[in-house]
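Asks: Starting from these lines, generate the structure:
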Amino acid sequence: MLNDGPITQTTRPPTKPGPTRQRHAYLIGSGIGALAAAAFMIRDGGMAGDAITIFETQPVPGGSLDGAGTAESGYSMRGGRMLTTDNYECTWGLFKTIPSLIDPAITVHDETIAFNTPATAHSKARLVDRNRAIVDVTTMGFSMSDRVELLKLTETDEDEIGDSRITDWLSPPFFQTNFWFMWQTTFAFQPWHSAVEFRRYLHRFMKEFSRIETLEGVKRTVYNQNDSLVRPLVAWLTAKGVAFRCDSTVTDMAGETRDGFFTVTGLTVRSGDTDTAIAVRADDIVILQNASMTDASTIGSMTAAPEKRTKVDSRGWVLWERLCEGRPEFGKPAVFNSSIAESNWPSFTVTLHDSVFFDRMEALSGNKAGTGGLVTFKDSNWLLSIVLAHQPHFANQPANVQVFWGYALHGDRVGDFVAKPMADCTGEDILQELCGHLNFDVATTFASATCIPCRMPYITSMFMPRTLGDRPVPIPSTSRNLALVSQFVEIPEDVVFTVEFSIRVAQTVVYQLLGIDREIPPISHHDKSLKVNFDALVKAFH
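Replies: Numbering: from 1, shown residues only. Below is the predicted model of the structure:
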């Protein structure tokens with residue numbers, strides 16, 4: 001046990017009176033997976049909300065789906081996850097029962113559908129070249145060799161692909177095609193990432209293949225995903241009695257192994273300088289978010305670059321690493337956290353107090369804010385992309401303020417207009433580089449701007465090449481009362497780096513642990529549709 005501070009031994013939370021002791025659930029981490037798990041326990045498992053406790057290291061719940069700030073200090077969010085209504089079966093199945101914070105008479109699902117109904121997204125400037133010209137992306141740019149190689153990868157079994165990289169299957173010219181630039185920046189793939197995960201994406205999002213240049217399949221929430229998904233879910237859970245213990249880190253798990261099965265028997269929780277020991281009984285449930293894609297992330301300012309941290313600084317991988325010692329069925333964290341150079345990229349959020357930049361971008365792209373999508377500067381050394389969402393993008397955002405977000409997949413490279421890597425850049429530097437690509441004058445374009453950069457060393461660590469067993473199943477075969485809910489577990493067919501994956505994992509473990517006899521929404525196999533395959537084939541040969 002970690003004993004760096006005073007330990008206060010506490011009794012278990014009080015149980016409701018009755019002949020049978022109430023079962024408790026302890027959730028370590030408050031990302032969307034843990035929040036969904038708590039909701040499924042209450043909605044489908046009949047658990048009382050006050051029997052559920054969620055521990056979170058940060059001051060507020062939400063995990064990677066963050067979003068905060070003010071108009072004065074600047075808004076910041078590490079990123080946003082792509083949503084669709086064609087694929088996210090478990091996500092919308094959950095949010096069909098969570099009331100909207102804007103209008104409690106409707107659900108978050110209905111709110112999102114209504115928001116996307118008036119106008120379907122249709123990007124007119126998906127790629128922009130070094131001359132500030134919009135690239136013709138009606139063609140994917142494939143050669144016959146590219147098509148053959150891509151087809152071979154999509155039709156090869158995962159067992160045969162193993163821990164190979166995308167570059168092991170596709171030749172160098174493929175990575176200069178329009179398709180790769182668009183697919184890569186939509187989903188944040190790198191050429192050295194897992195070929196298995198890339199193949200899964202091709203199957204899971206086959207319907208998006210034929211419309212990748214317009215992003216018509218992408219759906220948006222009214223605000224950022226923290227305001228539109230996390231906060232309504234947290235409000236619903238809080239009303240049900242769920243206890244949120246923020247600024248509290250679970251530093252250790254005690255357990256015992258009997259007859260080959262592992263049972264969690266206790267947790268050590270640190271709040272401030274005080275450690276508290278919580279006893280966990282055999283029929284209680286512990287759900288661990290084993291690692292996080294935004295672990296060790298840091299933010300900078302207009303005048304300071306984000307601090308460079310590793311897992312040593314944040315200790316976000318510790319519990320999973322300890323759990324795996326002598327228990328290979330719990331996975332191999334080192335496969336995912338051993339190469340920051342291959343798993344990191346920076347993002348940035350810009351807050352504006354005038355409309356100059358939005359006006360100029362709308363004129364250049366042909367899209368009003370919220371009707372397009374990512375605009376990628378394909379020739380930039382940083383591989384820079386920005387997106388102008390519908391405004392306001394934050395629930396507390398004043399009408400005269402505008403916010404946009406961007407990121408770069410090659411943050412370790414020196415910029416075209418700023419002579420240093422993006423990872424070392426201040427907010428001012430990033431705005432200078434962006435204006436260079438757009439041929440905008442930085443002084444007049446960003447006179448009122450606050451740009452907050454963010455460094456995320458593990459943001460695509462779940463894409464690292466892996467083989468069977470590197471990611472554990474959500475409830476390992478030797479576990480009695482412990483489940484894992486994160487982007488680092490294995491579910492056949494579904495893809496990581498999505499809200500849907502986290503929620504599907506959560507639903508899976510809750511139904512299994514509580515013995516819920518109810519079907520989990522099956523994955524929609526658009527890749528089996530003749531029409532979808534025909535549309536993809538036509539697009540590939542255009």
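Asks: give the contact list for D527.
Replies: 202-204, 206, 533 (Cβ atoms under 8 Å, 6 or more residues apart in numbering). Glycine gets a C-beta too; all of them are placed from N, C-alpha and C.
Asks: repeat that with 10 Å
Replies: D527 makes contact with 154, 202-207, 209, 493, 533, 536, according to Cβ atoms under 10 Å, 6 or more residues apart in numbering.
Asks: ok, of those, which come out buried?
Replies: Buried members of these, scored by 16 or more other Cβ atoms under 10 Å, are 154, 202-207, 209, 536.
Asks: Max pairwise distance over these: which two?
Replies: T154 and K207 (14.2 Å; Cβ to Cβ).
Asks: which residues of this structure score low on pLDDT?
Replies: Within the chain, the ranges that satisfy pLDDT under 70 run 1-21, 119.
Asks: Longest helix in it, by number of residues?
Replies: Longest helix in the chain by number of residues (criterion: DSSP state H): helix 499-514.
Asks: Show me what that helix is packed against.
Replies: Here helix 499-514 touches strand 25-28, helix 32-43, helix 89-95, strand 285-288, strand 482-484, going by 3 or more Cβ pairs under 10 Å, 6 or more residues apart in numbering; DSSP states H and E.
Asks: Could you find which two of the contacts of D527 are furthest from each other?
Replies: Among the contacts of D527, E493 and A536 lie farthest apart (Cβ to Cβ), at 17.7 Å.
Asks: Tell me the one among the buried ones among the contacts of D527 nearest to L514.
Replies: When the buried ones among the contacts of D527 are compared against L514 (criterion: Cβ to Cβ), the nearest one is R204, at 27.4 Å.
Asks: So what does the residue lying closest to the closest one once chain neighbours are set aside have for phi and psi?
Replies: Computed as Cβ to Cβ, 6 or more residues apart in numbering, the closest residue to R204 that is not its neighbour in sequence is V495, at 4.9 Å. Note on V495: backbone dihedrals following degrees, to the nearest 10 are phi -120, psi 140.
Asks: any idea how far V495 lies from I106?
Replies: Using Cβ to Cβ, to the nearest Å, V495 is found at 29 Å from I106.
Asks: One more: T351?
Replies: In terms of Cβ to Cβ, T351 sits 30 Å off from I106.
Asks: Settle it for me: which of those two has more neighbours?
Replies: Between T351 and I106, counted using other Cβ atoms under 10 Å, the more crowded position is T351 (24 against 14).
Asks: quick one: the helices in the stretch 401-542 of the chain?
Replies: 427-438, 442-445, 499-514, 530-540 (DSSP state H, counting those that start in this stretch).
Asks: For A25, find the nearest of the ones you listed.
Replies: helix 499-514 (8.6 Å).
Asks: Check which residues of that closest one are buried.
Replies: So, applying 16+ other Cβ under 10 Å, buried residues of helix 499-514: 499-511, 513-514.
Asks: tell me which of those residues is nearest to G316?
Replies: Taking these together and measuring to G316 by Cβ to Cβ, the closest member is S502, at 16.0 Å.
Asks: thought that closest one was touching G62?
Replies: No. In this structure, S502 is not within contact of G62 by Cβ atoms under 10 Å, at 11.9 Å.
Asks: what about the helices of the stretch 401-542 of the chain, which gets the closest to F330?
Replies: So among the helices of the stretch 401-542 of the chain, helix 499-514 is nearest, using Cβ to Cβ, at 14.0 Å.
Asks: Now do the same for A254: helix, strand or coil?
Replies: strand (DSSP: H, G, I helix; E, B strand; the rest coil).
Asks: quick one: it and I340, what's the gap?
Replies: With Cβ to Cβ as the criterion, A254 and I340 are 31 Å apart.
Asks: same question, D295
Replies: 11 Å.
Asks: who has more neighbours, these two?
Replies: Between D295 and I340, D295 has the larger neighbour count (other Cβ under 10 Å), namely 22 against 18.
Asks: Spit out the contact partners of the more buried one.
Replies: 57, 64, 309-311, 313-317, 337, 456-459, 461.
Asks: cool, and E216?
Replies: 84, 120-123, 207-208, 210, 373.
Asks: Output the residues you listed in JSON lines; the columns should cover secondary structure and distance to F175.
Replies: Shown next, in JSON lines, are these (DSSP: H, G, I helix; E, B strand; the rest coil; distance: Cβ to Cβ, whole Å):
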{"residue": "T84", "secondary structure": "coil", "distance to F175": "25"}
{"residue": "T120", "secondary structure": "coil", "distance to F175": "30"}
{"residue": "A121", "secondary structure": "coil", "distance to F175": "26"}
{"residue": "H122", "secondary structure": "coil", "distance to F175": "26"}
{"residue": "S123", "secondary structure": "coil", "distance to F175": "21"}
{"residue": "K207", "secondary structure": "helix", "distance to F175": "23"}
{"residue": "E208", "secondary structure": "helix", "distance to F175": "19"}
{"residue": "S210", "secondary structure": "coil", "distance to F175": "21"}
{"residue": "G373", "secondary structure": "coil", "distance to F175": "21"}
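Asks: which one of the contacts of D295 is nearest L409?
Replies: Of these, the one sitting nearest to L409 (Cβ to Cβ) turns out to be I459, at 10.1 Å.
Asks: and that closest one, what is it in contact with?
Replies: 64, 78-79, 188, 292-295, 297, 343-347, 407, 497.
Asks: Closest one of the residues you listed to E160?
Replies: Once Cβ to Cβ is applied, the member of these that ends up nearest E160 is F497, at 23.3 Å.
Asks: in the stretch 251-400 of the chain, which spans are strands?
Replies: Counting by DSSP state E, counting those that start in this stretch, one finds strands in the stretch 251-400 of the chain at the ranges 261-271, 274-279, 285-288, 298-299, 345-352, 375-377, 384-387.
Asks: Mind giving me the packing neighbours of the third one?
Replies: Contact partners of strand 285-288 among helices and strands, from 3+ Cβ pairs under 10 Å, 6+ apart: strand 25-28, helix 32-43, strand 52-55, strand 249-258, strand 261-271, helix 318-324, strand 482-484, helix 499-514.
Asks: and if you look at the first one?
Replies: Using 3+ Cβ pairs under 10 Å, 6+ apart as the contact test, the elements touching strand 261-271 are strand 7-9, strand 25-28, strand 52-55, strand 249-258, strand 274-279, strand 285-288, helix 318-324, strand 482-484.
Asks: Any buried residues in stretch 383-403, and which?
Replies: 383-394, 397, 401-403.
Asks: same thing with stretch 455-468?
Replies: 455-467.
Asks: now do stretch 98-118
Replies: Buried, per 16+ other Cβ under 10 Å, within stretch 98-118: 98-102, 107-112, 115-116.
Asks: and that stretch, how far apart are its ends?
Replies: 23 Å (Cα to Cα, to the nearest Å).
Asks: and if you look at stretch 151-169?
Replies: End-to-end distance of stretch 151-169 (Cα to Cα): 10 Å.
Asks: how about that stretch: buried residues?
Replies: Residues 153-154, 161, 164-166, 169 are the ones in stretch 151-169 that count as buried (16+ other Cβ under 10 Å).
Asks: Can you tell me which of those residues lies closest to G427?
Replies: For those, the nearest to G427 is I166 (32.3 Å; Cβ to Cβ).
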